[in-house]
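Student: Here you go, sequence then predicted model.
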Number of protein chains: 2
Amino acid sequence: MYMKKLFLISVFFTLSVSCLFSQKVMTAADSAAYSVYYWHSKDMFENMPDIKNEIIFFGNSITDFGEWHEFFNNNKCLNRGISGDITDGLLLRLDAITKVKPAKIFILIGINDLSHGKSAEYITANYKLILERIKTESPKTIIYVQSVLPVNPIYEMKSAHTAKTAMVLELNKSLKALAASEGCSYIDLFSVLADGENHLKKEYTLDGLHLSYKGYKVWIETIKPFVK
Amino acid sequence: MYMKKLFLISVFFTLSVSCLFSQKVMTAADSAAYSVYYWHSKDMFENMPDIKNEIIFFGNSITDFGEWHEFFNNNKCLNRGISGDITDGLLLRLDAITKVKPAKIFILIGINDLSHGKSAEYITANYKLILERIKTESPKTIIYVQSVLPVNPIYEMKSAHTAKTAMVLELNKSLKALAASEGCSYIDLFSVLADGENHLKKEYTLDGLHLSYKGYKVWIETIKPFVK
């Protein structure tokens, strides 16, 4: 009886894990670290025509979910966010960015790395590689390092991300120093989106991680002087 | 011993289900049918400024993952896709579309409905409501009903979608008849993306459901005469 229950529960568990797995990763072993969505998007970005003087928004879901050309009523604003992306993922698809020699690039990355247990040191080292490659491969591109956004743990979801406030603060300190040492602008989005407890203000989110339009509006207003 | 194993496996299973759950749905009971991403996007689309003569791409992930203003080098092309969306979801957020009185709307929806077990009849009835509401609320908008895309079951993922070839064929037949009876254009994307077995050509996908850039290119070329 126990064996039967155990078997059934195992089957359920295996199915649920397979389900998770099947939604996330490729079958080929060497592609296991990234989602199909990552590979489809990477392929698309590599094949897009060069429209000159691009303003690139480069990052994970928080960038991905914004409608950047609409936000700034500017055809040059291109969305190069991929939901779920990490610093290693940006490095792997950086060629498609630097080869078009964009006018500007706004980077926002790090919260998924933190959710995977990566340290601020690891993320900052990868970030340094990203900045140095952009500077080498596209020297005229103006680089904006955007702080990681605050998160809010009061929601019942995304806890691997939203419990990371202390780490986000540590990472942002490190990214600010990196931006200074690399001669890049640092844009503090954290402060404009956080409440008095360093959490993402509840009026800007439904899950403590991603932004509603009100949250995007604050971001848009903050970077508008740099986009134009 | 068995009890301990059972307990551990149950905890694992519960955690994995919670994980799935937490990625998909809101906590509030009345929002349970849609993802946080749906609500954030709906909110964004409702608050976007009216830029006049919009060309709307309206649908689920397959629309969502395209960079429409880049594809057509046209600032008026707006992405109104939400990954995971269904015909009921489109109906729920249709106000934001019709209130701007767009010039054109390209609709592609249905594969998620099928994956949830909905019938072609159910989907077509919802689709009819969508078309009739657009015609009533924004009579000058030119409506394009795009066929549901072929799928391919050879991949190890998304099987709830990719096993639905027969249903996709049935649904498309029904959508084509609906478009004719409603006086809307019907665009057959299925035929241009399918192989001889009515499956999505392998060169256009990595998961049998979503498109690589090569797949989008075929789509773009097919609808280009209608977008311009």
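Tutor: Yep, that arrived. Residues are numbered from 1 along each chain as shown, chains lettered A, B, ... in the order given.
Student: Would you agree A:P102 is in contact with A:S138?
Tutor: Yes - taking contacts as CB atoms under 8 Å, A:P102 lies within contact range of A:S138: 6.8 Å. For the C-beta atoms, the positions are set from N, CA and C on the backbone; glycine is no exception.
Student: ok, the two, which is more surrounded?
Tutor: Neighbours were counted for A:P102 and for A:S138 using other CB atoms under 10 Å in any protein chain shown; A:P102 has more, 25 against 18.
Student: quick one: the more buried one from chain B, how far?
Tutor: Using CB to the nearest CB, to the nearest Å, one gets 13 Å for the distance from A:P102 to chain B.
Student: Spell out the secondary structure type for that residue.
Tutor: Reducing the assignment at A:P102 to three states with DSSP: H, G, I helix; E, B strand; the rest coil gives coil.
Student: Please name the residues that touch the closest residue to it other than its chain neighbours.
Tutor: Take A:P102 and drop its neighbours on the chain: the residue closest to it by CB to CB, 6 or more residues apart in numbering or on different chains is A:E54, 3.9 Å away. Residues in contact with A:E54, defined by CB atoms under 8 Å, 6 or more residues apart in numbering or on different chains, are A:76, A:78, A:100, A:102-104.
Student: what bridges to A:I56?
Tutor: A:L78, A:I105 (DSSP bridges).
Student: what's the neighbour count on it?
Tutor: Look at A:I56: counted by other CB under 10 Å, it has 28 neighbours.
Student: tell me the centre residue of chain A?
Tutor: A:N60 (2.5 Å; CA atoms, centre = their mean).
Student: Now the nearest residue to that residue once chain neighbours are set aside: which helix or strand?
Tutor: Excluding the flanking residues, the one nearest A:N60 by CB to CB, 6+ apart is A:D85, at 4.2 Å. Using DSSP states H and E, A:D85 falls within no helix or strand.
Student: Isn't A:D85 up against A:N112?
Tutor: Yes - counting by CB under 8 Å, A:D85 does reach A:N112; the two are 6.5 Å apart.
Student: These two: who's more crowded?
Tutor: Taking neighbours as other CB under 10 Å, A:D85 and A:N112 compare with A:D85 leading, 28 against 22.
Student: Can you tell me which helix or strand of chain A has the lowest average pLDDT?
Tutor: Considering only helices and strands, the least confidently modelled element of chain A by mean pLDDT, DSSP states H and E is helix A:2-24, at a mean of 40.
Student: Now do the same contact list for A:F226.
Tutor: A:F226 sits next to A:104, A:106, A:144, A:185, A:187 when contact means CB under 8 Å, 6+ apart.
Student: Now do the buried residues in the strand or helix carrying it.
Tutor: Assigned by DSSP H and E, A:F226 belongs to helix A:213-227. For helix A:213-227, the neighbour count (16 or more other CB atoms under 10 Å in any protein chain shown) marks A:213, A:215-216, A:218-219, A:222-223, A:227 as buried.
Student: so which of these also contact chain B?
Tutor: Intersecting the buried residues of helix A:213-227 with the surroundings of chain B, defined as CB under 8 Å from any CB of the partner chain, gives A:213, A:216.
Student: Among the buried residues of helix A:213-227, find me the one that's closest to B:D43.
Tutor: B:D43 has its nearest neighbour among those in A:Y213, at 5.0 Å by CB to CB.
Student: For the closest one, give its distance to A:V192.
Tutor: Look at A:Y213 and A:V192: by CB to CB, to the nearest Å, they are 15 Å apart.
Student: Just the pLDDT at the closest residue to A:H199 other than its chain neighbours, thanks.
Tutor: Spatial nearest neighbour of A:H199, chain neighbours left out: A:N152 (4.2 Å); criterion: CB to CB, 6+ apart. At A:N152 the predicted local confidence, pLDDT, stands at 98.
Student: now the helices for chain A?
Tutor: Listed from the start of the chain, chain A has helices (DSSP state H) covering A:2-24, A:36-47, A:61-64, A:68-71, A:87-92, A:95-98, A:111-115, A:120-137, A:159-162, A:165-182, A:189-193, A:213-227.
Student: B:K173 is nearest to which of those?
Tutor: With CB to CB as the measure, helix A:36-47 is the member of the helices of chain A nearest B:K173 (28.4 Å).
Student: ok, the residue nearest to A:N112 when sequence neighbours are not counted - contacts?
Tutor: Setting aside the residues directly before and after it, A:N112 is nearest to A:I86 in space (CB to CB, 6+ apart), at 4.9 Å. For A:I86, the contacting residues are A:60, A:109, A:112-113, A:116, A:118, taking CB under 8 Å, 6+ apart as the criterion.
Student: Can you give me the pLDDT of A:A33?
Tutor: Reading off the confidence values, A:A33 has pLDDT 82.
Student: now do A:M157
Tutor: Predicted confidence (pLDDT) at A:M157: the value is 87.
Student: That one and A:H210 touch, don't they?
Tutor: No - under the contact definition of CB under 8 Å, A:M157 does not touch A:H210, with a separation of 10.0 Å.
Student: So for those two, which residue has more residues nearby?
Tutor: A:H210 (25 against 21).
Student: how about the nearest residue to the more buried one, chain neighbours excluded?
Tutor: Leaving aside its chain neighbours, A:H210 sits nearest to B:H40 (5.6 Å; criterion: CB to CB, 6+ apart).
Student: I'd say that neighbour and A:L209 touch.
Tutor: No - if you go by CB under 8 Å, B:H40 and A:L209 don't touch, sitting 10.2 Å apart.
Student: Among these two, which residue is more densely surrounded?
Tutor: For the pair B:H40 and A:L209, the greater number of neighbours falls to A:L209 (26 against 21), based on other CB under 10 Å.
Student: Ramachandran angles for the more buried one?
Tutor: Here is the backbone geometry of A:L209 (degrees, to the nearest 10): phi -130, psi -50.
Student: OK, contacts around it?
Tutor: A:62, A:111, A:151-152, A:157-158, A:161-162, A:200.
Student: Could you do A:T63 as well?
Tutor: If you count contacts by CB under 8 Å, 6+ apart, A:T63 has them with A:57, A:79-81, A:106, A:108.
Student: 7 Å instead?
Tutor: Listed by CB atoms under 7 Å, 6 or more residues apart in numbering or on different chains, the contact partners of A:T63 are A:57, A:79, A:81, A:108.
Student: A:S147 too?
Tutor: With contacts defined as CB under 7 Å, 6+ apart, A:S147 is in contact with A:172, A:175, A:187-190.
Student: Buried subset of the residues you listed as a PyMOL selection?
Tutor: Selecting only the buried entries of these in PyMOL, with 16+ other CB under 10 Å as the criterion:
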select buried, chain A and resi 172+175+187+189+190
